[in-house]
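Asker: 3D, please:
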Amino acid sequence: FIFTAPVARYRTIAIAKPYAAIPNVGDILSRESTSIMVLGRKGLILEAKKFAVYISIPIVASVMFNDPDVQRICADYFQFMKYPASPNTNLREEFERLSKQRELEKEQRKEYADQVRKLQESAQRSREGREAALAAEVEKQSQRGGWFRWLRFRRGEESSQA
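Answerer: You can find the predicted model right below:
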């Protein structure tokens, strides 16, 4: 079994299928053998360009980022290292300032929690007041006579009779 595979543009070559008795293996091998690299001068130029790209990118990156100005800009932008504000800073005063700030934040959180608690309590009271007013109105309507009061049952009794 011999078939032809295209090579480059117009030329074809004959490839023999040694495993023609086993159809799957023969098809796989014939597909693999037809993938032929670009031949000639065009292939060499393509490979040279790829090699140039593979070599030039790391070299250019190394040259660019080896400049001290670029390193400083990157370190400042990404803040790789954080130094203290000043070596002349009095640490005791800095600690006292930070502790006062923390105490102030704790007081503010406590006041905020108290305000939220008061709001929740007032909302609960108003909810209970609305529910009580609604229950009173329903009771009032159930005590009034309706169109069918001659039947002698009320809304509350309807559900118990059903």
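Asker: so in this protein, which helix runs the longest?
Answerer: Using DSSP state H to define each element, the chain has its longest helix at helix 91-143.
Asker: packing partners of it?
Answerer: helix 155-161 (3 or more C-beta pairs under 8 Å, 6 or more residues apart in numbering; DSSP states H and E). (Glycine included, C-beta is placed from N, CA and C.)
Asker: averaged pLDDT, the helix it packs on. What do you get?
Answerer: Per-residue pLDDT values over helix 155-161 give a mean of 51.
Asker: do the same with stretch 104-122
Answerer: 96.
Asker: using CSV, list the CA coordinates for that stretch.
Answerer: These are the backbone C-alpha positions of stretch 104-122, laid out as CSV (Å, rounded to 0.1, in the frame of the first residue of the first chain):
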residue,chain,number,x,y,z
LEU,A,104,-9.1,55.8,70.0
GLU,A,105,-10.1,53.2,67.5
LYS,A,106,-11.4,50.9,70.2
GLU,A,107,-13.5,53.7,71.7
GLN,A,108,-14.9,54.5,68.3
ARG,A,109,-15.8,50.8,67.6
LYS,A,110,-17.5,50.7,71.0
GLU,A,111,-19.5,53.8,70.3
TYR,A,112,-20.5,52.4,66.9
ALA,A,113,-21.6,49.1,68.5
ASP,A,114,-23.7,51.0,71.0
GLN,A,115,-25.4,53.0,68.2
VAL,A,116,-26.1,49.9,66.2
ARG,A,117,-27.6,48.2,69.3
LYS,A,118,-29.8,51.2,70.0
LEU,A,119,-31.0,51.3,66.4
GLN,A,120,-31.8,47.6,66.6
GLU,A,121,-33.8,48.0,69.8
SER,A,122,-35.8,50.9,68.4
